[in-house]
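Trainee: Dropping the sequence and predicted coords here.
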Amino acid sequence: MKTMREKTLLVQSGRPAGGIPHSVNPPVVRASTVLFPTVEAMQETRRRRETGEQVFSYGVRGTPTTHALEDAVTALEQGERTLIYPSGLAALSAVLLSHARPSDHIAVIDTVYPPVRQLCSSYLVPRGVEVSYFAPSPEGLMAVLRPHTSLILAETPGSGTFEVVDIPALAAIAQKNGSRLAVDNTWAAGFFLKPLTQGADISIQAATKYICGHSDTMLGTVTVRGDAFTPLFETTTMLGLCASPTDCYDALKGLRTLEVRLRRHEQSALQVAGWLARHADVSEVYHPALADSPGHSIWRRDFTGSSGLFAFALSLQLVEHSAAFVNALAHFGIGASWGGFESLALPVKPGSIRAAAPWAGPGTIIRLHIGLEDTQDLIEDLDQAFSHIGALA
C-alpha cells in the first residue's frame with residue numbers, strides 16, 4: 001500500500017480493517033480477566049506477552065482499545081512502539097524510572113515540566129541517581145554531561161518560556177556519549193515535530209492536552225525506537241501502569257480531528273501573539289514562530305507549525321498587575337493544563353523553576369492558551385484587560 005500522508009494517517013490509523021462489517025471507531029473493550037479456551041492457549045499468550053508482543057492477555061496489559069491507540073500514536077510519532085499511561089506525568093515518570101538506576105547520572109533540561117523536578121529531587125536523588133539541569137542548548141548539555149549519563153531529558157519549546165532547543169545536536173551528543181535522549185513533545189502534539197526522526201530515542205506526550213483535546217481526559221504516551229523499548233516495557237509491567245480503555249477511546253477520537261484543531265489553534269495564536277507584540281504595554285512575547293524569537297531559526301528548521309500555547313510579559317510599570325490582568329479577562333479561563341478547545345490564561349513565575357542559570361526576564365509572565373473561540377473576541381477581551389490594569393497603575 002502507498003504510504004499515507006499525515007492527515008490521512010490521523011484518520012485511518014488504529015482503526016479496524018478487514019473484509020467483514022465493523023464500526024468506524026474501535027469499540028471500547030473493558031476487561032480485567034481475559035478468558036482462554038485452554039491452559040495451553042493462555043500459557044502461549046503469556047509467553048508472547050513477556051517478549052513485549054502486543055497481545056490481549058490481561059486488563060492491566062492493555063485491551064484492543066489500548067492497542068489501537070498505541071498503534072495510532074506510533075504512526076503519528078513515526079516510531080516503533082508506544083505505551084499508554086494514565087497521565088503525562090506518569091509517562092515522564094516511567095521514562096525516568098526505566099533509564100535511571102542508582103549511580104547513574106541524568107541530565108534534565110532546565111525548562112522541563114516543573115513536576116519532573118519534584119520526581120527527581122524527592123525520589124531519584126534519595127535513591128542514588130545524580131541529576132543535573134542544563135541550559136536549553138547543546139553547550140548547556142555539554143557543560144553537565146558525564147560519562148555515566150544514562151538519560152538526557154529535553155523539552156522543546158520549554159515549559160513556560162518557550163525556548164527552542166536543537167534536538168539533532170542534542171541527539172548527536174547523546175549518541176556519542178552512549179546516552180538515551182528523551183523529548184517531551186507535548187507542545188507540538190507529535191504533529192508539528194518528529195523527535196524520533198531527528199535522532200531522539202524517546203518521544204513523550206501528555207495526551208491530556210491536544211490529542212484528547214477537550215479538557216476531560218487524562219492520558220500520557222511514550223513512543224520509542226530501537227532498544228529503548230525493553231526497559232520501558234519492563235518498568236511499565238512491573239509497576240502495573242495502565243490507562244482506562246474508555247480514555248483511550250476518547251483519545252482515538254481526538255486524533256481524528258487533531259490536524260484540523262491544531263491548525264486553528266496555530267492560526268489564532270499567531271494572530272493574538274502578533275497583536276500583543278505590537279502593544280505598547282507588552283515588553284516581550286514568547287512564541288517561537290515569531291520572527292524575532294531567539295529560537296526561531298531552529299523552529300523553522302525542525303517544526304512544521306506551532307500550537308496555541310505561548311506567553312507574554314507586561315511592560316515594567318505594569319508587570320506587578322499580572323494577576324489583576326488575568327482576573328479581568330472574560331473569555332479566558334484560569335486553570336492548569338491546556339490543549340483543549342477553550343482559551344486559558346495563567347500568571348507564571350519562571351524564576352522559581354530554574355536551576356542551571358537565573359531567569360533574566362520579568363518576575364511574572366502570562367501564559368496563554370488560545371482556544372477555538374473567535375480571535376477578535378479574544379483580542380477585544382485582552383484589550384479591555386489592558387485598560388483595566390492601566391487604571392490601576
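Mentor: Great, that's in hand.
Trainee: What is the neighbour count of the nearest residue to residue 385 once chain neighbours are set aside?
Mentor: Nearest non-adjacent residue to residue 385, counting by CB to CB, 6 or more residues apart in numbering: residue 328, 4.1 Å away. All C-beta spots, glycine's among them, are computed from the backbone N, C-alpha and C. Using other CB atoms under 10 Å, residue 328 is surrounded by 19 other residues.
Trainee: Surely residue 328 touches residue 384?
Mentor: Yes - if you go by CB atoms under 8 Å, residue 328 and residue 384 touch, sitting 7.0 Å apart.
Trainee: Buried residues, stretch 12-29. List them.
Mentor: Residues of stretch 12-29 classed as buried: 13, 14, 15, 26, 28, 29 (neighbour count, 16 or more other CB atoms under 10 Å).
Trainee: Report the secondary structure state of the second one.
Mentor: To tie it back to what came earlier, the one meant is residue 14. Three-state assignment for residue 14 (DSSP: H, G, I helix; E, B strand; the rest coil): coil.
Trainee: contacting residues for the residue lying closest to it once chain neighbours are set aside?
Mentor: The shortest distance from residue 14 to any residue other than its chain neighbours is 3.1 Å, reached at residue 72 (CB to CB, 6+ apart). Contacts here follow CB atoms under 8 Å, 6 or more residues apart in numbering; on that basis residue 72 touches 10, 13, 14, 252, 255.
Trainee: Past whichever helix or strand residue 72 is part of, which element shows up next along the chain?
Mentor: Remark: residue 72 resides in helix 64-77, with elements defined by DSSP states H and E. Toward the C-terminus, helix 64-77 is succeeded by strand 81-85 as the next helix or strand (DSSP H and E).
Trainee: Please save the CA atoms from stretch 7-16 in CSV.
Mentor: Output of stretch 7-16 as CSV, limited to C-alpha atoms (Å, rounded to 0.1, in the frame of the first residue of the first chain):
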residue,chain,number,x,y,z
LYS,A,7,-3.8,13.9,7.5
THR,A,8,-5.0,10.6,6.1
LEU,A,9,-2.9,8.7,8.7
LEU,A,10,-4.6,10.5,11.5
VAL,A,11,-8.0,9.5,10.2
GLN,A,12,-7.2,5.9,9.4
SER,A,13,-4.5,4.6,11.8
GLY,A,14,-5.6,2.4,14.7
ARG,A,15,-9.0,1.7,13.2
PRO,A,16,-10.5,-1.7,12.4
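Trainee: Report the rounded mean pLDDT for that stretch.
Mentor: In this model, stretch 7-16 has a mean pLDDT of 88.
Trainee: For that stretch, give me every contacting residue.
Mentor: With CB under 8 Å, 6+ apart, stretch 7-16 has contacts from 4, 22-26, 68-72, 75-76, 191, 252, 255-256, 258-259.
Trainee: go again using 6 Å as the cut-off
Mentor: Residues outside stretch 7-16 that contact it (CB atoms under 6 Å, 6 or more residues apart in numbering) are 22, 26, 68, 71, 72, 75, 252, 255, 256, 258, 259.
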